[in-house]
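1. Please find the sequence and the predicted model below.
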Amino acid sequence: MSQAEATESSNAASVAAKLTLPTLTAMVVGSMVGAGVFSLPRRFAQETGVAGALIAWVIAGTGMLMLALVFQTLAIRRPDLDAGVYAYAKAGFGEYLGFFSAFGYWASACVGNVTYWVLIMSTVGAVAPSLGEGDTVLAAVLSSVGLWGFFLLIRRGVKEAAAINRIVTVAKIVPILVFIVLALFYFKADVFADNFGGADYAGSLFNQVRGTMLATVFVFLGVEGASVYSRHAKRREDVGRATILGFLSVFAVFASVTIVSYGLMPMSEIAELRQPSMAGVLEHAVGTWGKVFVSVGLIVSVLGAYLAWTLMAAEVLFVAAKDNDMPRFLRRSTAADVPVPALLMTTLLSQVVLVITLFSDDAFNFALDLTSALSLIPFVLAAGFAVKIATAERGTPAEARSGHTRELVVALLATVYMLFLLYSAGLKYVLVSFIVYAPATILFVMARRERNRRLFSPRELVILAVSIAGAVLGVVALAVGWIEI
């Protein structure tokens with residue numbers, strides 16, 4: 001690093017925002033409560049009935065709780081590691097897989113940001129048909145204006161953006177809680193009973209549960225939010241506390257939104273609602289004002305989640321560059337601690353994906369599922385790192401051994417759950433993920449050349465070959481129509 005860069009980095013660090021437990025918890029909640037919760041009724045009704053939904057939430061809740069506990073444990077065991085997901089993969093499995101984890105997590109955040117704009121345009125499209133379901137040219141143009149507007153906002157300062165996020169988090173939780181209360185008031189036991197076993201199109205109970213898995217991944221993305229932003233924490237132990245507090249709060253809300261919806265409408269009708277389906281469900285129960293109420297809440301919620309995710313995405317690129325795993329230009333930041341080049345790349349990728357959605361049959365669901373699939377590899381590697389740490393510490397004194405055994409069990413359960421999610425994603429999204437991952441190696445090569453280092457070790461060459469082979473297969477599959485976006 002040059003003297004100028006060192007001075008710039010030092011100045012940025014000296015004014016770095018020191019985030020408290022409430023603010024870190026708001027970052028987790030703000031990251032998780034976004035577009036996903038407003039789409040849950042339709043997403044679940046397309047796949048399963050009440051029984052399958054209950055099983056799915058038990059599995060997803062348990063699995064993601066294990067992952068949240070993994071992030072809590074790693075924050076305590078390895079306080080030296082910043083930008084959790086990326087740093088844990090690198091420490092556990094080497095620089096190249098750490099790079100892939102950083103890029104994959106960043107790419108998933110960028111794709112996820114696109115779902116927010118698609119859903120906003122779809123919501124407004126209910127009264128402005130020219131916006132369609134968020135997949136028209138006009139919708140893409142207006143979404144692009146929003147993308148770059150937020151770029152200018154965040155560029156003003158991390159601390160200011162984080163404070164806005166805390167306010168927005170409170171504002172967007174209120175309409176969701178009102179939805180749950182109203183749904184319970186208008187709840188119909190006979191409709192709920194009819195929806196219990198699922199419809200004929202839903203298939204076996206196993207397939208019903210499997211079909212919901214990517215949706216649950218998407219809504220739980222952000223559980224690692226405090227870990228990603230750990231370098232700004234006022235107290236390191238608050239990172240783990242914020243992770244658990246945020247997860248438990250949001251899990252209760254997500255499960256409630258899904259289950260109470262089955263007591264208002266037949267699942268076959270819920271499955272046909274336009275997104276945001278929560279608005280359609282409440283409209284059925286209370287009339288037009290319910291749809292308007294949820295729609296306004298959605299726009300506030302989605303804009304808040306977009307803010308949080310853009311912050312986290314830029315942070316991952318910035319920290320990876322500081323660790324010399326991304327090109328040097330990405331480590332630059334302003335006096336207000338804003339990594340502008342990383343923020344610019346984040347906005348640019350979201351812009352590209354936004355254009356691609358114009359060619360998708362279902363822009364929202366495609367972006368949602370791709371977001372989930374891209375995030376799975378980073379999560380698998382983070383959970384695997386926790387397994388390595390717990391295994392290495394099992395030989396400690398007897399009074400600490402029980403704690404390490406518990407950590408090992410939690411880490412193993414989290415790893416198994418992440419692998420199950422990869423299986424549930426299916427070959428389509430795994431191959432599309434390879435198409436995204438493989439070209440990213442160019443950034444890795446740039447970083448290695450800047451340091452005059454050997455480009456790849458023998459082990460890294462094997463990983464490179466696998467990623468390229470997967471990308472080629474994915475491109476061929478798209479070209480010949482084996483898979484469609």
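-> Structure received. Every value quoted in this text rests on a predicted model; they were computed, and no experiment measured them. Numbers count the residues shown, from 1 in each chain.

2. remind me, longest helix of this structure?
-> With DSSP state H applied, the helix covering the greatest number of residues in the chain is identified as helix 398-437.

3. Now do the buried residues in it.
-> 404, 407-408, 410-415, 417-418, 421-422, 424-426, 428-437 (16 or more other CB atoms under 10 Å). Backbone N, C-alpha and C define where each C-beta goes, glycine included.

4. name the helices or strands packed onto that helix?
-> Applying 3 or more CB pairs under 8 Å, 6 or more residues apart in numbering; DSSP states H and E, one finds that helix 398-437 contacts helix 50-77, helix 95-125, helix 205-220, helix 363-392, helix 458-480.

5. With mean neighbour count and mean pLDDT added, can I get these in JSON lines?
-> Conversion of the helices and strands packed on helix 398-437 to JSON lines gives the following (neighbours: other CB atoms under 10 Å; pLDDT from 0 to 100):
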{"stretch": "helix 50-77", "mean neighbour count": "21", "mean pLDDT": "83"}
{"stretch": "helix 95-125", "mean neighbour count": "26", "mean pLDDT": "84"}
{"stretch": "helix 205-220", "mean neighbour count": "22", "mean pLDDT": "74"}
{"stretch": "helix 363-392", "mean neighbour count": "24", "mean pLDDT": "80"}
{"stretch": "helix 458-480", "mean neighbour count": "15", "mean pLDDT": "85"}
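
6. which one of those helices lies closest to R448?
-> Using CB to CB as the measure, helix 95-125 is the one of these that comes nearest R448, at 8.8 Å.

7. next one: the helix or strand just after that closest one to chain centre, how far?
-> The helix or strand immediately downstream of helix 95-125 is helix 137-155, counting by DSSP states H and E. Chain-centre distance of helix 137-155: 20 Å, with CA atoms, centre = their mean, to the nearest Å.

8. now stretch 120-136
-> Its chain's C-alpha centre lies 24 Å from the corresponding centre of stretch 120-136 when counted by CA atoms, centre = their mean.

9. Could you check how far L370 is from M265?
-> Between L370 and M265 the computed distance is 29 Å (CB to CB, to the nearest Å).

10. ditto for R77
-> Here the criterion is CB to CB. By it, R77 lies 47 Å from M265.

11. One more: V219?
-> For V219 relative to M265 (CB to CB), the value is 20 Å.

12. before we move on, what about L97?
-> Note on L97: its distance to M265, by CB to CB, is 45 Å.

13. What count of nearby residues applies to I299?
-> Counted by other CB atoms under 10 Å, the residues lying close to I299 total 18.

14. Now it: closest residue in space that isn't a chain neighbour?
-> Using CB to CB, 6 or more residues apart in numbering and skipping the chain neighbours, the partner closest in space to I299 is I120 (5.8 Å).

15. From what I see, the one you found and S143 are in contact.
-> Yes. I120 is within contact range of S143, at 7.4 Å (criterion: CB atoms under 8 Å).

16. list the residues that contact both of those two?
-> The overlap between the contact sets of I120 and S143 (CB atoms under 8 Å, 6 or more residues apart in numbering) consists of G134.

17. Buried residues, the strand or helix carrying T258. List them.
-> With the criterion set as DSSP H and E, the secondary-structure element containing T258 is helix 237-261. The neighbour-count check on helix 237-261 (16+ other CB under 10 Å) flags 238-247, 249-251, 253-261 as buried.

18. now stretch 127-135
-> Using 16+ other CB under 10 Å as the test for burial, stretch 127-135 gives L131, G132, E133, G134, D135.

19. Mind checking the helices and strands packed on helix 398-437 for the one nearest to V302?
-> Nearest to V302 among the helices and strands packed on helix 398-437 is helix 95-125; the distance by CB to CB comes to 4.4 Å.

20. now the angle between helix 458-480 and that closest one, please.
-> Orientation of helix 95-125 against helix 458-480 (axes from the mean of the first three to the mean of the last three CA atoms, to 10 degrees) gives an angle of 30 degrees.

21. quick one: low-confidence ranges for the stretch 151-300 of the chain?
-> Low-confidence segments of the stretch 151-300 of the chain, defined by pLDDT under 70: 157-171, 198-203, 214, 218, 222-240.

22. thinking again about what came up before, average pLDDT across the longest helix of the chain?
-> The average pLDDT for helix 398-437 rounds to 77.

23. same check, this time on stretch 316-324
-> With pLDDT averaged residue by residue, stretch 316-324 scores 81.

24. which residues are contacting it?
-> Looking at what lies outside stretch 316-324 - CB under 8 Å, 6+ apart - the contacts are 9, 82-83, 85-87, 90, 98-99, 102, 105-106, 109, 228, 231, 326-331, 333, 339, 342, 345-346, 447, 450-451.

25. R449: what's it in contact with?
-> Contact partners of R449, counting by CB under 8 Å, 6+ apart, are L455.

26. distance of the nearest residue to S256 once chain neighbours are set aside from S467?
-> Nearest non-adjacent residue to S256, counting by CB to CB, 6+ apart: I180, 4.9 Å away. Distance from I180 to S467, counting by CB to CB: 43 Å.

27. how close does V58 sit to D190?
-> V58 sits 25 Å away from D190, going by CB to CB.

28. and if you look at A128?
-> Where D190 is concerned, A128 sits at a distance of 37 Å (CB to CB).

29. same deal with M312?
-> 44 Å.

30. Give me the more crowded residue out of those two.
-> Higher neighbour count among M312 and D190: M312, with 25 against 8, using other CB under 10 Å.

31. wouldn't that one be in contact with A109 here?
-> Yes. The pair M312 and A109 qualifies as a contact (CB under 8 Å) at a distance of 6.1 Å.

32. Was I right to think F379 contacts L67?
-> Yes. Counting by CB under 8 Å, F379 does reach L67; the two are 6.3 Å apart.

33. sorry, back to before: go through the buried residues of stretch 127-135 and name the one nearest A305.
-> Minimum separation from A305 among the buried residues of stretch 127-135 (CB to CB) is found for G134, which lies at 15.6 Å.

34. what residue is smack in the middle of this protein?
-> A centroid search over the chain (CA atoms, centre = their mean) returns L221, at 3.1 Å, as the residue closest to the centre.

35. dump the residue contacts of that residue.
-> With contact taken as CB under 8 Å, 6+ apart, L221 is in contact with S31, M32, G36, S108, G112, T371, S372, S375.

36. How much space separates it from L421?
-> L221 sits at a distance of 12 Å from L421 (criterion: CB to CB).
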